[in-house]
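Colleague: Show me how the following folds:
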Amino acid sequence: MQYTQLGRTGLKVSRLCLGCMNYGPHAPEADAHQQMDKAHDLGINFFDTADVYGWKKGEGVTEQIIGNWFATGGGRRERTIIATKAFGDMNTEENDHVMKRGLSAVKIRRACESSLRRLKTDYIDLYQMHHIARECPWEEVWQAMELLVQQGKVVYVGSSNFAGWHIAAASETAKHRNFMGLVSEQCKYSLLSRWSELEVLPAAQEYGLGVIPWSPLDGGVLGGMLQKKDKGRTAGKQAEERLAKCRPQIEAFETLCDEWGEHPADVALAWTLHHPAVTAPIIGPRTIEQLTASIRAVDIKLSDDQLKALDCIFPGPKGTTPEGISDWEKQIAPEAYAW
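Modeller: Just a heads-up that it's a prediction; the model follows:
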């Protein structure tokens with residue numbers, strides 16, 4: 001495994017980040033614990049989750065699974081850089097409006113305390129805002145985050161699904177408060193989803209944020225999907241619909257990877273790693289075999305000619321618009337890529 005600093009911080013993290021979103025809905029707790037142990041064996045020390053993962057409102061299923069794993073000891077907590085998020089609806093009572101979507105100071109405080117309890121730890125290494133809260137002033141958000149840092153409950157603060165100007169506004173406000181502010185941005189970024197190249201990645205580089213791409217395989221479409229179909233394996237409905245819109249690109253991509261003697265998933269991950277703003281793409285394996293196979297990506301060094309060949313297939317926002325991007329998405333920069 002290779003390691004790098006998280007943005008402008010001195011924190012060393014692995015070049016691959018273990019995404020834990022599948023733990024609970026798609027991987028039972030015992031399997032999840034085996035995967036996390038294997039990740040440590042492979043040198044992955046950076047794990048990502050969120051309070052809403054598990055998709056049972058208010059329960060934080062995935063965080064609980066990770067917390068139970070930490071509780072088994074063996075230095076598991078100490079060897080893990082744990083990142084989690086707040087913003088989503090964690091309301092379990094009809095009149096509990098505080099815990100609905102948002103980032104009020106009260107919501108941030110309560111959400112952090114709940115995550116700490118579920119994770120069975122007394123601090124969160126990277127606490128991320130899962131989405132921009134357009135109704136909340138940055139003074140309120142930063143006051144709440146500063147208090148968590150002062151209390152030792154949070155070490156670093158990051159963002160997710162922010163536009164470039166959100167990153168700028170947050171960073172400038174933090175600077176005026178003499179607070180470190182954002183150190184990372186987690187955004188969707190893949191060969192098929194390159195809209196963050198317009199503003200998010202440049203903003204991240206300017207302000208020293210490490211980028212942690214989510215869905216680097218675009219829901220599995222870039223993971224050798226046609227090869228899997230040849231073997232009789234079916235994909236989810238969303239992946240099938242996405243493939244139908246970009247099949248010519250995927251056919252060309254898989255043919256190119258075959259010529260290079262590499263698996264499409266490894267090339268897709270290696271491509272995200274070549275961007276200087278990227279710290280670590282998030283991998284979301286469902287099996288230990290998928291986890292182990294992902295390690296190959298950190299050793300692939302794409303040449304200029306190979307990068308140009310990929311640009312020809314997936315030109316991105318500065319070239320011809322890829323198939324599958326809606327007219328609505330083309331028109332709403334600077335927030336084209338965000339939900």
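Colleague: So Tyr3 sits against Arg15, correct?
Modeller: Yes: if you go by CB atoms under 8 Å, Tyr3 and Arg15 touch, sitting 6.7 Å apart. For glycine as for every other residue, the C-beta is placed from the backbone atoms N, C-alpha and C.
Colleague: Tell me which stretches of the stretch 101-250 of the chain form strands.
Modeller: Along the stretch 101-250 of the chain, the segments classed as strands by DSSP state E, counting those that start in this stretch run 124-129, 154-160, 182-186, 210-211.
Colleague: Could you dump these into a markdown table and include mean neighbour count?
Modeller: As requested, those are exported to a markdown table (neighbours: other CB atoms under 10 Å):
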| stretch | mean neighbour count |
| --- | --- |
| strand 124-129 | 24 |
| strand 154-160 | 23 |
| strand 182-186 | 27 |
| strand 210-211 | 25 |
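Colleague: Dump those strands into CSV; add mean pLDDT and distance to Ala252 as well.
Modeller: Output for the strands of the stretch 101-250 of the chain, formatted as CSV (pLDDT from 0 to 100; distance: least, CB to CB, whole Å):
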stretch, mean pLDDT, distance to Ala252
strand 124-129, 98, 35
strand 154-160, 98, 31
strand 182-186, 98, 29
strand 210-211, 98, 26
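Colleague: okay, the ones you listed in CSV with distance to Glu262 next?
Modeller: Formatted as CSV, these follow (distance: least, CB to CB, whole Å):
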stretch, distance to Glu262
strand 124-129, 31
strand 154-160, 29
strand 182-186, 26
strand 210-211, 23
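Colleague: gap between Ala71 and His33?
Modeller: 11 Å (CB to CB, to the nearest Å).
Colleague: neighbour-wise, which of those two wins?
Modeller: Neighbours per residue (other CB atoms under 10 Å) separate Ala71 from His33, with His33 holding more: 18 against 12.
Colleague: which residues of this structure score low on pLDDT?
Modeller: Within the chain, the segments meeting pLDDT under 70 span 229-236, 318-339.
Colleague: most centrally placed residue in it?
Modeller: In the chain, the centroid-proximal residue (CA atoms, centre = their mean) is Trp214; its distance is 3.5 Å.
Colleague: Neighbours of the nearest residue to that residue once chain neighbours are set aside, how many?
Modeller: Leaving aside its sequence neighbours, Trp214 sits nearest to Ile282 (CB to CB, 6 or more residues apart in numbering; 5.0 Å). The local packing of Ile282 (other CB under 10 Å) involves 24 other residues.
Colleague: Ile282: what's it in contact with?
Modeller: Contact analysis of Ile282 by CB atoms under 8 Å, 6 or more residues apart in numbering lists 17-19, 48, 186, 212-216.
Colleague: Tell me the secondary structure of Thr62, please.
Modeller: Three-state assignment for Thr62 (DSSP: H, G, I helix; E, B strand; the rest coil): helix.
Colleague: tell me which element the residue nearest to it when sequence neighbours are not counted is part of?
Modeller: Leaving aside its chain neighbours, Thr62 sits nearest to Tyr53 (3.7 Å; criterion: CB to CB, 6+ apart). For Tyr53, there is no enclosing helix or strand under DSSP states H and E.
Colleague: Now Tyr53: phi and psi?
Modeller: In terms of degrees, to the nearest 10, the main-chain angles of Tyr53 are phi -60, psi 140.
Colleague: what about it, distance to Val141?
Modeller: Using CB to CB, we find Tyr53 at a distance of 22 Å from Val141.
Colleague: Comparing the two, which residue is more hemmed in?
Modeller: When Tyr53 and Val141 are compared for neighbours, Tyr53 comes out ahead with 24 against 21, by other CB under 10 Å.
Colleague: residues contacting Leu191?
Modeller: When contacts are counted by CB under 8 Å, 6+ apart, Leu191 touches 218, 222, 253, 268, 271, 310, 313-314.
Colleague: How many residues are close by Cys136?
Modeller: Number of residues near Cys136 (other CB under 10 Å) recorded here: 17.
Colleague: Correction: the previous question concerned Pro248.
Modeller: For Pro248, the neighbour count with other CB under 10 Å is 10.
Colleague: for Asn95, same thing?
Modeller: 6.
Colleague: In contact with the nearest residue to Leu273 once chain neighbours are set aside, which residues are there?
Modeller: Computed as CB to CB, 6+ apart, the closest residue to Leu273 that is not its neighbour in sequence is Arg15, at 6.2 Å. Residues near Arg15 by CB under 8 Å, 6+ apart: 1-4, 273, 279-280, 298.
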